[in-house]
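**Q** following is a predicted model, sequence given first.
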Amino acid sequence: MNRTGYSSLFLDYVAQTSDAPMMLEVVKAQGCTMYDPQGKPYLDLIAGISVSNMGHSHPAIVEAVKQQAEQYMHVMVYGEFVESPQVKYAEWISKHFHGGQHAVFFVNSGSEAIETALKLAKRVTGRSSIISFENAYHGATHGALSIGGDEERKNAFRPLVPGNISLPFNNTEALSLIDENVAAVVIEPVQGEAGVIPADKTYLQTLRKICTEKGVLLVFDECQSGFGRTGAMFASQYYDVQPDITTLGKALGGGMPLGAVVAPKHLLDSFQSSPVLGHITTFGGHPVCCAAGLAAAQLISPELLQGVKQKEQLFLDLLKHESIVEVRTAGLLIAVEFKDATTNFEVIKQMIERGIITDWFLYADHSLRIAPPLIISEEEIKFACLSLIEILDKIKY
């Protein structure tokens, strides 16, 4: 790939987390398309990893950012000043959760939301153990990594936060290990980095029942599955399971950095005392980010959610090839599994050459990630799928 513009400076001054960065320089992004310095378009099938649900540079989101930036940006955000963007967005989010008055604690990312949820669960219950699941991904910060489900990713950073118990996912018998020593069970309704593995509905409902019986807080990590990605506003609505705590990130900010914990108000009030300011953040709930997030959230209509399921089916109809082992979907969170990682990475490489951006999963590198903006058109889906099938026809292993 041609290296122009800022590419060499990027390698000199920006820390990379792999030895083979993609090196795609983006100078503009609009809708589902990104452009490089030569003007070449790239169809974005990952949306910044399930972030840009409304596509890039949506006029309503851009206008909300402009208007809020003109009024004020950072003042102080952790619950002392009254800032209308926070209040409006918290109200919008809370209305989508049932079972009493819910409040929102804004942070900067999904990982921070997990850290907040862990502290909240321990503070409320007075217990120290956390249960999570094999192949789970909850973020890269210390506590989030500690409850992650991949030992290889943990080993380089030990010792981690103690007290975590990892259970097999979708295994009802293993839920018997939940007892009165557990503060919280943290689970993804759809495991993302495992390669799109949805939880079984009866399994989650059984988990809810056990947590209630044992006085354990149930935490849903909806950072990837929230805001219409699965075809429901939140995956908990599909499963008909109400968690005690929900963590949000990724699409929450409409393309701006934002995370949040949603929980009943009386639980979050525990941060007010013993000690005072029990959890704080300098930039969490930044007014510009909240304005952008609310503008994006308000674009999610029943018609858009219905369209997500229709587009999911179109992907399933078109992604048929002898080299594809399986296609797993949860709305527009899609994993295309191949026989090995070699095939997958060759597909990713050739898709980029054709102007289509895809990715792989941290715990399933033999599977192709597809998580496009929810506004992707049927024509764009057909182009992407036809290109993928043509590439598979040419690959010989």
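**A** Happy to help now that I have it. Note that the structure is predicted; figures quoted are calculated from it, not measured. Numbers count the residues shown, from 1 in each chain.
**Q** OK, contacts around the residue lying closest to residue 340 once chain neighbours are set aside?
**A** Closest residue in space to residue 340, ignoring its immediate chain neighbours: residue 366 at 5.4 Å, by C-beta to C-beta, 6 or more residues apart in numbering. C-beta: built from backbone N, CA, C; applies to glycine. Under the criterion of C-beta atoms under 8 Å, 6 or more residues apart in numbering, the neighbours of residue 366 are 337-341, 343-344.
**Q** distance of residue 44 relative to residue 359?
**A** With distances defined as C-beta to C-beta, to the nearest Å, the gap from residue 44 to residue 359 amounts to 10 Å.
**Q** more neighbours: the two, which one.
**A** Between residue 44 and residue 359, counted using other C-beta atoms under 10 Å, the more crowded position is residue 44 (24 against 17).
**Q** give me the phi and psi angles of the more buried one.
**A** Here is the backbone geometry of residue 44 (degrees, to the nearest 10): phi -90, psi 110.
**Q** check the one 4 residues further on too.
**A** Torsion angles at residue 48 (phi, psi; degrees, to the nearest 10) stand at phi 60, psi 30.
**Q** give me the phi and psi angles of the closest residue to it other than its chain neighbours.
**A** Once flanking residues are discounted, residue 48 sits nearest to residue 255: 7.3 Å by C-beta to C-beta, 6+ apart. Residue 255 adopts backbone torsions of phi 110, psi -10, taken as degrees, to the nearest 10.
**Q** can you pull the contacts of residue 255?
**A** Here residue 255 is in contact with 48, 51-52, 54, 56, 61, 292, 296 (C-beta under 8 Å, 6+ apart).
**Q** and which of those residues is nearest to residue 113?
**A** Lowest distance from residue 113 to those (C-beta to C-beta) belongs to residue 51, with 14.3 Å.
**Q** my guess is the closest one contacts residue 257. True?
**A** No. Judged on C-beta atoms under 8 Å, residue 51 makes no contact with residue 257 at a distance of 9.4 Å.
**Q** who has more neighbours, the two?
**A** Using other C-beta under 10 Å as the criterion, residue 51 and residue 257 rank with residue 51 on top: 22 against 17.
**Q** per-residue confidence at that one?
**A** At residue 51, the pLDDT value in this model is 98.
**Q** state the phi and psi torsions of it.
**A** Phi and psi for residue 51, reported as degrees, to the nearest 10, are phi -100, psi -60.
**Q** how near is it to residue 322?
**A** Per C-beta to C-beta, residue 51 is found 33 Å from residue 322.
**Q** just residue 175 next, same as before
**A** Taking C-beta to C-beta, one finds residue 175 at 38 Å from residue 322.
**Q** more neighbours: the two, which one.
**A** Remark: of residue 175 and residue 322, residue 175 carries more neighbours, 17 against 7, as counted by other C-beta under 10 Å.
**Q** please tell me I have it right and that one contacts residue 205.
**A** No. In this structure, residue 175 is not within contact of residue 205 by C-beta under 8 Å, at 11.3 Å.
**Q** ok, and the closest non-adjacent residue to residue 112?
**A** Of all residues not flanking residue 112 in the chain, residue 259 sits nearest, at 5.0 Å (C-beta to C-beta, 6+ apart).
**Q** and that neighbour, how many residues sit next to it?
**A** Neighbours of residue 259 under the rule other C-beta under 10 Å: 28.
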